[in-house]
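Peer 1: Structure for this input, please:
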Amino acid sequence: MKSMTGYGRAQGRVTGRDVTVEVRCYNHRYKDIKLRLAHGWTALEVPAEKLIRAWLGRGRVECQVRSANASAGLARPELNMEAAGEYLELFGSLAREVERQTGLVQKPSLEMLARAEGVVVLDEMLADPAAAWADLGGLIEAALEQAQQMRRAEGERLAEEMEKRLDGVAELAVEVRRLLPKENQALFERMGERVQTLAAKVDVTQERLAQEVAILADRMDVTEELDRMDSHLDQFKKLMTRADPVGRELDFLLQELNREVNTLSSKTRSAEVLKLAVTLKAEIEKIREQIQNVE
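Peer 2: Numbering: from 1, shown residues only. This is a model prediction of the structure:
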């Protein structure tokens, strides 16, 4: 089991240029890949995204490739309008805050924007995209492997925490099993007293009364729900040992666990069992929060 969060970094040379690759992994329900390559390297976007998509099971990956120009003669300036717009919005927010606090009116200038990192860049010309990808692909793989190691380590930590909570859920289920006979017996005795009182006023045979009590007892039986909970817990622990993405399957099992607890709550009339059911739901919700970070 792996976490969806991680970070990887690799450095090397691509067609004579010093290159740094950074990979950041975040939580996301689906596959979401964002690439930022050096300008002029658009020919490498397709193979880079394909490589990351094959590596990723679930989550968001941001991959940034920065290149130091080997020669000024091979580069030309280019404007990054997307970065300029982001900086302009940021500088505008800062100017409004300064005006609010000091009364001074300031406006972002072209000089400020031009000096911001990434606004004016040098467009590197790739003479041989195939050769560049042969170098860059290895760097991306190295960064992804580093991120994978972090994801595995975080996944192991999550698995330990979830296993403790799963054991807590199993213990609560055992306590429900222990309480049910005593609680049901007390409930049936109270019902019996009420039935006797009603029987004195209404012409009902003892056989019919016994049938009604038996039907009610069957409706209140939660043995099947507890058995299914045990099965879901076993499946959950087995899934946590798998290396492939299991987040969606784990989330489904938690939904089923919660469904069984809801059914148990609706069937029982015992205050003690209902209290345990509330605790069960709280523990399941805590596990669900952790599952959100599992690939």
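
Peer 1: Check what pLDDT Gly168 gets.
Peer 2: Per-residue confidence (pLDDT) for Gly168: 92.

Peer 1: Now the nearest residue to it once chain neighbours are set aside: which helix or strand?
Peer 2: Closest residue to Gly168 apart from its sequence neighbours, by CB to CB, 6 or more residues apart in numbering: Glu283 at 5.6 Å. All C-beta spots, glycine's among them, are computed from the backbone N, C-alpha and C. Using DSSP states H and E, Glu283 falls within helix 271-291.

Peer 1: Leu158: what's it in contact with?
Peer 2: By CB atoms under 8 Å, 6 or more residues apart in numbering, the residues touching Leu158 are Met1, Ser3, Gln290, Asn293, Val294.

Peer 1: Could you check how far the residue nearest to Gly168 is from Gln235?
Peer 2: Applying CB to CB, to the nearest Å, the value for Glu283 to Gln235 is 17 Å.

Peer 1: Settle it for me: which of these two has more neighbours?
Peer 2: Each of Glu283 and Gln235 has its neighbours counted (other CB atoms under 10 Å); Glu283 has more, 18 against 15.

Peer 1: Asp167 - that's part of a strand, no?
Peer 2: No - with DSSP: H, G, I helix; E, B strand; the rest coil as the criterion, Asp167 is helix rather than part of a strand.

Peer 1: Can you report how many residues neighbour it?
Peer 2: Asp167 has 12 nearby residues by other CB under 10 Å.

Peer 1: Same check on Glu154?
Peer 2: Neighbours around Glu154, by other CB under 10 Å: 19.

Peer 1: So it belongs to a helix, correct?
Peer 2: Yes - counting by three-state DSSP, Glu154 is part of a helix.

Peer 1: mind checking how far Arg248 is from Leu166?
Peer 2: 18 Å.

Peer 1: Which one's more surrounded, these two?
Peer 2: Leu166 (21 against 14).

Peer 1: domain ranges for this protein?
Peer 2: Per automatic domain parsing, the structural domains of the chain span 81-117, 155-291.
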